[in-house]
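A.B. asks: only geometry, no sequence info:
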């Protein structure tokens, strides 16, 4: 049976690199097919999944620091919850506000699931009931939001998504230390973006945390993702020009892509990659 290749994460995740996959796979051509690819900030696992499907002999390590695998494991429960909500919205047009008794009924379904100690995937639920790009992580936050009918008709499915991938859950510094001296390693580095909504991530990131990540670039082969919102490239150039410090992106290839947040709001996604050390 042919393995399914996912072109996007099977469950909603803010910041997944779906639009960069074509460029990412094109750049992978110049990297070893039997290397060890370590995804330090695994997120939705989409980069790890894409790498494993592109190079099936590669050892791919996915650092699931945001517990995305847990959300995958409970997809049957998530589908069941959404199946209970859909009939309540039969008279509510797609994209319209959910108000009155229908809203109360929808919230009661979610509340009952929580009272029964069922795992409620609030990120997936947010993409079904909230305006685009809005996410909550608790029931208390959900009841304060305006609800919209964004529930998809089909069930979620992640069959085979992480097959053949080594899944770990560690501080990225610990994982980096384990592999940094291995000459066969290629690091995939997609940290939370500065000045971007990171409400669905486990930890709050400040400038110091973001700059600490640059330590993993020294003398390594890597793919590194950022955006023009962070201004990290300009900062590294400024530091290099004003001091004796070396710009960690020297020698890296840069590719950009326009990402759209809303109809009239965009930013530039950036991928930098380096294969020579």
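C.D. replies: Done, it's in. Here the structure is a predicted model, which means the values were calculated and not measured.

A.B. asks: and the nearest residue to residue 118 once chain neighbours are set aside, what does it touch?
C.D. replies: Excluding its sequence neighbours, the residue lying closest to residue 118 (CB to CB, 6 or more residues apart in numbering) is residue 77, at 5.8 Å. C-beta coordinates here come from the backbone N, C-alpha and C atoms, glycine included. Counting by CB atoms under 8 Å, 6 or more residues apart in numbering, residue 77 touches 113, 118-119, 121.

A.B. asks: which among those residues count as buried?
C.D. replies: With burial judged by 16 or more other CB atoms under 10 Å, the buried subset of those is 113, 121.

A.B. asks: CSV please, covering the contacts of residue 77 and showing distance to residue 133.
C.D. replies: What follows is those, written out as CSV (distance: CB to CB, whole Å):
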residue, distance to residue 133
113, 24
118, 26
119, 23
121, 17
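
A.B. asks: now, which of the contacts of residue 77 sits nearest residue 265?
C.D. replies: Nearest to residue 265 among the contacts of residue 77 is residue 121, at 26.8 Å by CB to CB.

A.B. asks: hmm, the closest one is touching residue 74, no?
C.D. replies: Yes: counting by CB atoms under 8 Å, residue 121 does reach residue 74; the two are 6.2 Å apart.

A.B. asks: quick check: phi and psi on residue 72?
C.D. replies: Dihedral pair for residue 72: phi -60, psi -40, per degrees, to the nearest 10.

A.B. asks: A helix includes residue 269, no?
C.D. replies: No: with DSSP: H, G, I helix; E, B strand; the rest coil as the criterion, residue 269 is assigned strand and is not in a helix.

A.B. asks: need the pLDDT of residue 204.
C.D. replies: Among the per-residue scores, residue 204 shows a pLDDT of 53.

A.B. asks: what's the neighbour count on residue 108?
C.D. replies: 11 (other CB atoms under 10 Å).
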